[in-house]
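Engineer: structure for this input, please:
(chains A and B)
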Amino acid sequence: AQSVTQLGSHVSVSEGALVLLRCNYSSSVPPYLFWYVQYPNQGLQLLLKYTSAATLVKGINGFEAEFKKSETSFHLTKPSAHMSDAAEYFCAVTSGGATNKLIFGTGTLLAVQP
Amino acid sequence: KAGVTQTPRYLIKTRGQQVTLSCSPISGHRSVSWYQQTPGQGLQFLFEYFSETQKNKGNFPGRFSGRQFSNSRSEMNVSTLELGDSALYLCASSRDRGREQYFGPGTRLTVT
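Structural biologist: This is a model prediction of the structure:
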């Protein structure tokens, strides 16, 4: 069985500060990992994905994530927060290329203070 | 290239009724998946379709059903609606299984 744990349901940072959103996964097979962002009243937008290639993955809007197998983590970072980054962020896992069934974490709501 | 479209965007139904939601994937995408999003349960997987075949089903009662057509468009149906079915229903498409999925804006279903 697969699962994802997102530590911190709410994270608040100042504009210009580092953004760090935590995601830990559990998977009995090599996982594919994803980060999605959801703005109010919208669907999910793919930020980045890890599919067993490079462990440091760069995504859109300046976000990146590092896959650490030893720590079963896939934390999302951005060096400098912008007001437009305020949204809810979801980490998700699938069991490699065999399925499209995404298992989502509970989400982290990011607030950016001016 | 147009994104995933879902119709209708908003829907209000009464308990006991049934509802059909529609999803048109990105052109060239053959896989469509459906998810339910609620404040209490979060994002939960409903179904996955590929080339008109259901490949995976989530842990939902039989009142929830779906299908995919030859043009990859998909519909999901919920019969005998309950108050707890009120949710945002999201559709996602991908070129193939195991590829990144792109989500539509969702259909907001309210059951009264």
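
Engineer: okay, now the unreliable bits of chain A?
Structural biologist: Along chain A, the parts satisfying pLDDT under 70 run over A:96-97.

Engineer: contact residues of it facing chain B?
Structural biologist: Counting by C-beta under 8 Å from any C-beta of the partner chain, the residues of chain A lying close to chain B are A:32, A:34, A:36, A:42-46, A:49, A:51, A:90, A:92, A:94, A:96-107. The C-beta positions use only the backbone N, C-alpha and C, and glycine is treated the same way.

Engineer: most centrally placed residue in the chain?
Structural biologist: Going with chain A. Using C-alpha atoms, centre = their mean, the residue of chain A that lies closest to the mean C-alpha position is residue A:35, 3.4 Å off.

Engineer: my question was about chain B, not that one.
Structural biologist: When chain B is reduced to its mean C-alpha position, the closest residue under C-alpha atoms, centre = their mean turns out to be residue B:34, at 3.5 Å.

Engineer: okay, and that one sits in which element?
Structural biologist: The secondary structure element spanning residue B:34 is strand B:31-38 (assigned by DSSP states H and E).

Engineer: same for that strand, what does it pack against?
Structural biologist: Of the remaining helices and strands, those touching strand B:31-38 by 3 or more C-beta pairs under 8 Å, 6 or more residues apart in numbering or on different chains; DSSP states H and E are strand B:42-50, strand B:74-78, strand B:87-94.

Engineer: if anything else comes up later, I'll come back, but that's it for now.
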